[in-house]
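Q: Sequence first, then the predicted structure:
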Amino acid sequence: MLTNSSPADGSANADKARWRKIAADGLWKQNPGVVQLLGLCPVLAISSTVVNGVSLGLATALVTALSGATVAALRHFIPNEIRNPVFIMIIAALVTCVDMATNAYLHGLYGVLGIFIPLITTNCIVLARAEAFASKNPVRESALDGLAMGLGLTLVLAVLGALRELIGRGTLFSGAELVFGDAGRALTIHVVPAELNYQFLIALLPPGAFLGLGFLIAAKNAFDAKSKHRALLRLAEPPAHPKPEAAR
Amino acid sequence: MSESPQAQARRSAFTLFAFAVVCTAVLGATHALTAGRVKANEAAARRALIGQTLPAGSFDNDLVAEAHPLSAQDAESLGRDDGARVYVARLAGKTTGYVFEAAARNGYGGRIELLVGLSTDGAVSGVRVVSHKETPGLGDYIDSDKSAWPGQFLGRRDETDKAWKVKKDGGHFDAPAGATISARAVTGALGRVAHYWREHATQLKTLP
């Protein structure tokens, strides 16, 4: 039987599948925040609002993607004995550049995130991806892996930030002016009217971060278990046969 | 033939050195590109913060340019062991107010840095927290961005030190139950500014 598919198509499909797998691993299956439980210090400390969480998450994603690409590009020039110091040097340099750029172009946000931007250097996610993936894979895939892992963390920070901000203050997107200037104030949503001065302290304080993260991990595990169960049921179902025509 | 251990060590050392040089160059370039903007941002943020302690439209001068350093002893009396400045506000050349750098060392989380604005008759025109480490959601009500609590100081110019305390300690000012330490610290710092004003008003009015 003749087909139109060529070996090139097969390799393109394989590439697509691999890229999809890398993205899915970072965003869901191997999510650094709720599966690998890496980088919990900033996750717990900065996730008090959506804006703070997303901002730090994106800064981390940028560093993870850039460090992944850099390590992958230079992996053949780095002797095995000194790979860790070199990786850390690359990461520290990139983080310092992001730190300076944030201070220059998002000064208000820089004041809020403070020490947590330089601390990206010590974030396990960044070094772990450089060591486990970028040092063994080509540049584009390493950049995608870093970006996917960073965005996976950003997703966790955003959801946790939204939960804590909503329950703790009755708002969403407060502090948007730190990113978008005074125009950003219009983005703040007061779910609970501001004049009520609503506050639920435990959500805003560190215990709220721990509880929130615990619920997120539980929710993800429950969702995964349900999906697995559904998949097993589908496999167990006998194939649907067309009904035999009624005898005339 | 495989590399000798010495050659391997030399190669590793050279590689590490090369990476250090490149990373340093990248950082130097980034710093050169952003330093001017960072400096301008910091000055603008400080200018805005100082300006918020004075009534809108009450000055037309560059407050940062009109900064007068205080003596070490005076700075100490305002709670600052690292020096302090007073900023003079002017409108059409006429003095309209003063902004003092002050600090409270006895906050729950440690040092609280403040800017306190006074009008020419010594009444408080504004209070801004520059930095603090008070518990978020509990002690951070001292920040006017977080609550209206600092508003109670506006217009106050009590002549006695006794008045500059929280009600719990026999003073004039409210403090949220369960988080009095932060209020006590800020109120005390404002009391020190008021005291300094009473002692040095004549001197301050002659500042160039």
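A: Cool, the structure landed. Numbering: from 1, shown residues only, chains lettered A, B, ... in the order given.

Q: Make sure I have this right: residue B:207 is in a strand.
A: No - read with DSSP: H, G, I helix; E, B strand; the rest coil, residue B:207 is coil and lies in no strand.

Q: So it sits against residue B:87, correct?
A: No - the criterion here is CB atoms under 8 Å, and residue B:207 misses it with residue B:87 at 10.1 Å. In short, each C-beta sits where N, CA and C put it, glycine included.

Q: which neighbours do the two share?
A: residue B:68 (CB atoms under 8 Å, 6 or more residues apart in numbering or on different chains).

Q: Go ahead and report the secondary structure state at the residue most central in space within chain B.
A: Residue closest to the average C-alpha location in chain B (CA atoms, centre = their mean): residue B:130, at 3.6 Å. Of the three states, residue B:130 takes strand according to three-state DSSP.

Q: Look up the pLDDT of it for me, please.
A: Reported pLDDT at residue B:130 in the predicted model: 88.

Q: State the pLDDT value of residue B:203.
A: Reported pLDDT for residue B:203: 80.

Q: Number of residues surrounding residue B:5?
A: Residues contacting residue B:5 under the criterion other CB atoms under 10 Å in any protein chain shown number 8.

Q: show me what contacts residue A:197?
A: With CB under 8 Å, 6+ apart, residue A:197 has these contacts: residue B:147.

Q: Next, give phi and psi for it.
A: phi 50, psi 40 (degrees, to the nearest 10).

Q: what separates it from residue B:59, distance-wise?
A: From residue A:197 across to residue B:59, the span is 32 Å (CB to CB, to the nearest Å).

Q: Hmm, residue B:53 is touching residue B:117, no?
A: Yes - using CB under 8 Å, residue B:53 is in contact with residue B:117, at 3.1 Å.

Q: which residues do those two both contact?
A: B:99, B:125-127.

Q: ranking those by neighbours, who comes first?
A: residue B:99 (27 neighbours).

Q: Do I have it right that that residue meets residue B:53?
A: Yes - look at residue B:99 against residue B:53 with CB under 8 Å: they come within range, at 5.1 Å.

Q: hey, what's in contact with both of these two?
A: B:115-117.

Q: how about the helices in the chain?
A: Went with chain A since none was named. Here chain A has its helices, by DSSP state H, at A:7-24, A:40-46, A:50-74, A:83-105, A:107-113, A:124-132, A:139-169, A:177-180, A:201-204, A:206-236.

Q: Correction: the question concerned chain B.
A: Counting by DSSP H, the helices of chain B are B:5-51, B:72-77, B:180-205.

Q: any idea which of the ones you listed is most buried?
A: helix B:180-205 (a mean of 19; mean count of other CB atoms under 10 Å in any protein chain shown).

Q: Relative to the whole chain's centre, how far out is it?
A: Helix B:180-205 sits 15 Å away from the centroid of its parent chain (CA atoms, centre = their mean, to the nearest Å).

Q: how about the residues of chain A that lie near chain B?
A: By CB under 8 Å from any CB of the partner chain, the residues of chain A that approach chain B are A:48, A:77-79, A:81-82, A:85-86, A:89-90, A:92-93, A:96-97, A:100-101, A:103-105, A:107-108, A:111, A:168, A:197, A:199, A:201, A:204-205.

Q: ok so, going back, for the residue nearest to the centre of chain B, which residues are in contact?
A: B:49, B:113-115.
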